[in-house]
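[1] Take this sequence and fold it.
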Amino acid sequence: MAEQQIPTDRLDLAEDLRPVVGRLCTAYGLGSAKSFSIIETGYEDCNVIINSDKGRFLAKMFARTRTPEDIDRYATIMQKVVEAGVNHPKLVATTSGQKVYKDAGISLVLMRFVEGKTFLELDRAPNDDELRAIVEQAAKINSIDHKPPYLLDSWAIPNIETMFERVKHFIEPDDLKLVQQVIEQYEHMPVDDLPHAFVHGDFTKANIVKADNGNLYILDFSVANWYPRIQELAVIVANLMHDKNDTRSLREKCEHVAELYSQFGALTEEERKHLQAYALAGISMELLGGLQEKYINGHDNEETAFWIVTGREGLKKALG
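    You can find the predicted model right below:
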């Protein structure tokens, strides 16, 4: 098992983070840094909340594994998203006009911090009004005319077969039977022929913020790609709508979210036909991805446990 990491371990950091934050505040004209804290959730980059004289900001510090091309890709996506009117925290430029700031081996982007809580922190699924607003944001994202360079996301639904091979030895026998059913259904889907679009790809409870002012914000486009459009809805059904007290079947949830989406963009009959199987694959990826983080990447923590339990509960409810 890999050694447990903390977010700053992902950075190419040769000194304490404090002076880096101080120089960042100077570069962005934020005044003094009163304090800062590191967000512990997430497996890739390092996100830092900064309290400054000019307010609260979030610095997304890219992991050392990110190439310059990856970082430029992310910055371009952010610009496209903001220009499209998606509810995303506005990126802040340095006093010299740079959107990507580099210091001491670290590259980062800075954005306004949204005061509020994610649905993961709220420990609930969105209500009907919130879900409609979220689906509207999904449709707006899917309409963005941008096909970014492909970025491998091992958790993405199209990688389910690869992920399964990687973690199958860690899957409990009862779970294994369910996952194999899902993969069999996925293999019979015409994935390549489904309508593709620019997709956020990670509409989970951890990435949707309910702001204190009541607005909903979409966070973290780091794994956005060109995928089957229904991947957006599949993740919403698999994770965002997950509620152990919800008595609706997976089919009913899929039909509901498809109807909501149709208010903002028409789905094809093929998309509606295959949404349930795609959502099942999304549920499986929560379990498989959690097992990857726990047994291969060494992230044996509360967040990983959340993914494993959510995936397991979702599969048992849908297929068990």
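[2] pretty sure residue 117 is in a strand, no?
    Yes: counting by DSSP: H, G, I helix; E, B strand; the rest coil, residue 117 falls inside a strand.
[3] That one contacts residue 205, doesn't it?
    No: counting by Cβ atoms under 8 Å, residue 117 does not reach residue 205; the two are 10.3 Å apart. Backbone N, C-alpha and C define where each C-beta goes, glycine included.
[4] more crowded one of the two?
    More crowded of residue 117 and residue 205, by other Cβ atoms under 10 Å: residue 205, with 20 against 13.
[5] phi, psi of the more buried one?
    The phi/psi pair for residue 205 (degrees, to the nearest 10) reads phi -60, psi -30.
[6] And for the one 10 residues further on?
    Residue 215 has phi and psi values of phi -70, psi 160 when expressed as degrees, to the nearest 10.
[7] same question, the one 10 residues further on
    In this entry, residue 225 is assigned phi and psi values of phi -150, psi -180 (degrees, to the nearest 10).
[8] how about the residue nearest the centre of the chain, secondary structure?
    With distances taken as Cα atoms, centre = their mean, residue 202 lies nearest the centre of the chain, 3.2 Å away. For residue 202, the assignment made with three-state DSSP gives coil.
[9] Check the gap between it and residue 124 for me.
    For residue 202, the distance to residue 124 equals 19 Å [Cβ to Cβ, to the nearest Å].
[10] what's the answer for residue 173, then?
    Counting by Cβ to Cβ, the gap from residue 173 to residue 124 is 32 Å.
[11] Compare neighbour counts for those two and give me the winner.
    Between residue 173 and residue 124, counting by other Cβ under 10 Å, residue 124 is the more crowded of the two (13 against 6).
[12] and residue 110, which of the three is it?
    Strictly by three-state DSSP, residue 110 counts as strand.
[13] My guess is it contacts residue 55. True?
    No: using Cβ under 8 Å, residue 110 is not in contact with residue 55; the gap is 11.6 Å.
[14] Which one's more surrounded, these two?
    residue 110 (26 against 12).
[15] ok now do the more buried one, which residues does it touch?
    24, 28, 57, 58, 59, 60, 91, 92, 101 (Cβ atoms under 8 Å, 6 or more residues apart in numbering).
[16] what sits opposite the residue nearest to residue 92 when sequence neighbours are not counted in the beta ladder?
    Nearest in space to residue 92, with sequence neighbours left out and distances taken as Cβ to Cβ, 6 or more residues apart in numbering, is residue 110 at 4.6 Å. With DSSP bridges as the criterion, residue 110 is bridged to residue 59, residue 92.
[17] any idea how far residue 110 is from residue 246?
    The gap separating residue 110 from residue 246 is 38 Å, by Cβ to Cβ.
[18] how far does the top helix by length along the chain sit from the chain's center?
    Longest helix in the chain by number of residues (criterion: DSSP state H): helix 269-291. What separates the centre of helix 269-291 from the centre of its chain is 15 Å, taken as Cα atoms, centre = their mean, to the nearest Å.
[19] what's it packed up against?
    helix 160-167, helix 173-187, helix 230-235, helix 250-262, helix 302-319 (3 or more Cβ pairs under 8 Å, 6 or more residues apart in numbering; DSSP states H and E).
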